[in-house]
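Novice: model this:
(chains A and B)
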Amino acid sequence: MGMSQGPQSKKNLNVELNLLPVFDVLSVCICFLLMTVVWVEIRAMETKQAIGGQSKAETDKTASVWLTIDEANNVVVVLKPTSGAESRMVIAGRGGVIDYARAKLVLASAFSRNVRATHILPAKTTKYDQVIKLMDIAKQVGIQNIGLSPI
Amino acid sequence: MKASVLKKLKMHAPLRSMKRLHGDGGSGKEKSLFFSLNLTTLIDAFCILVIFLLSNMNSRVQTIQENQKVVLPVAVQTEALDQGLVVRIEQGQFYLEDKLITKPNLAQAILSAKKTTLSSLIIQADRQSDYENIALVLRAGGQAGYEKYIFAVMPGT
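Specialist: I've put the predicted structure just below:
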C-alpha cells in the first residue's frame, strides 16, 4: 500500500518487523510459566472450633444440628431449634463407615427447617476422611457454618 | 517487500560467497535456498498461551508441598487454599512448616510460630489419620489463638 509523495518518489512505506526476538521472549515466558504452573491444585475446607473457642455469652443462639460420631461410626443427630424441644435420632453405621446417604437426607431436612449451623463431634478413632466427608455433605446441602469439636 | 530482512541475510550469507551451494544444480540462474515462514499465527498462539498461564497464576494463594506419604481426603465443596501456618500429620508425627515437632511441644511450637498476619491454621493430614491427632492440632491451635482451621483436601467430583 504505497503512498506517492511526488511524481518521482516511489518509496515503499511498508515496514517489516523482525519477529524473532518477540518469538524468543514468548518462548522463554512459556517455558517459565509451564515449569511453575501448579498442575494438581490442593483445595481447602474451612471450619472453626465448635466448642471452647468462645464464651457462652458470645455463642450465637441459632438453630443448629449436632452430629456425634461414636466409635462404631454411628451418628447421633441432635437438632437444636432456637425454641422448642430438641429432637434426636441415630444414623447407624453401614459396613463400618458412616451412612453418608442417610446423613445427607437428615442434613437436607434440617436445612429445610432453617438450620444453618452444624457441629461435628467425632470420636478419637474416627478416621479423618469420614469427618471431611461429613463436612462436605453439610456444605453440599447448604449448611456453611460448620464447627468441629476438639474432643 | 524489497528491503526484507531475509534478503539482507541472503546477501551476506557465507555460503553464497563460497559458491558451493546452487539451488539449480550449479548451472544457470542462482536459486535462493531461503524460504520465509509466516510466524504471525504462531506468535498469536504463543500470546494466548502466555495470557492463559499468567491468569492461572495467583501469588496470593498458598501452595503447600504435596507429600507422597500423605494421601489427602477428597471433597466436593472446596475453596481456594488461603495463606496460613501449615501443620502436617504424617504417620502419627507432627510437622510444623516441615519441622518435626513432638506431641507435648505442639501447642508451644504453634504459639511461637504464629505470625500476626496469618489468622488461619492449615492442617495437612492423611485421610486414614485418627481424629485424635487432628483434635490435638485443633486444641493446640485454639491455645495459640487461631480461630479458623483450613483442612487441605483434594478436589473431587
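Novice: List phi and psi for residue A:117.
Specialist: Backbone geometry at residue A:117, expressed as degrees, to the nearest 10, gives phi -130, psi 140.
Novice: hang on, isn't it packed against residue A:138?
Specialist: No. Using Cβ atoms under 8 Å as the test, residue A:117 is too far from residue A:138 to be in contact (9.5 Å). C-beta: built from backbone N, CA, C; applies to glycine.
Novice: Tell me which of these two has more neighbours.
Specialist: For residue A:117 and residue A:138, the more surrounded residue by other Cβ atoms under 10 Å in any protein chain shown is residue A:138, and the numbers stand at 26 against 19.
Novice: Now for chain A: which helix has the highest residue count?
Specialist: Of all segments of type helix in chain A, defined using DSSP state H, the longest is helix A:20-36.
Novice: Next, the buried residues of that one.
Specialist: A:26, A:29, A:33 (16 or more other Cβ atoms under 10 Å in any protein chain shown).
Novice: And the contacts of the lengthiest helix in chain B?
Specialist: Looking across chain B with DSSP H, the single longest helix is helix B:40-56. Applying Cβ atoms under 8 Å, 6 or more residues apart in numbering or on different chains, the contact partners of helix B:40-56 are A:19, A:22, A:23, A:26, A:27, A:29, A:30, A:33, A:34, A:37.
Novice: Give me the next element, helix or strand, following it.
Specialist: Using DSSP states H and E, the helix or strand that directly follows helix B:40-56 along the chain is strand B:74-75.
Novice: Can you give the strand pairings for that following strand, parallel or anti for each?
Specialist: strand B:148-155 (parallel) (DSSP bridges).
Novice: For the strand it pairs with, give me every contacting residue.
Specialist: A:40-49, A:132, A:135, A:148, B:64, B:72-76, B:78, B:81-82, B:84, B:119-125, B:138, B:141.
Novice: pLDDT score for residue A:99?
Specialist: We have a pLDDT of 92 for residue A:99.
Novice: which residues touch residue 119?
Specialist: Using chain A. A:50, A:51, A:64, A:65, A:66, A:67, A:146, A:147, A:148, A:149.
Novice: not quite, I wanted chain B
Specialist: B:84, B:146, B:147, B:148.
Novice: Next step: these restricted to strands.
Specialist: Using DSSP state E, the subset of these located in strands is residue B:148.
Novice: among the contacts of residue B:119, which one has the lowest pLDDT?
Specialist: residue B:147 (78).
Novice: which residues sit against stretch B:97-117?
Specialist: B:65, B:85-88, B:93-96, B:121, B:136-137, B:139-141, B:143-146.
Novice: repeat that for 7 Å
Specialist: B:85, B:86, B:93, B:94, B:95, B:96, B:136, B:140, B:141, B:143, B:144, B:145 (Cβ atoms under 7 Å, 6 or more residues apart in numbering or on different chains).
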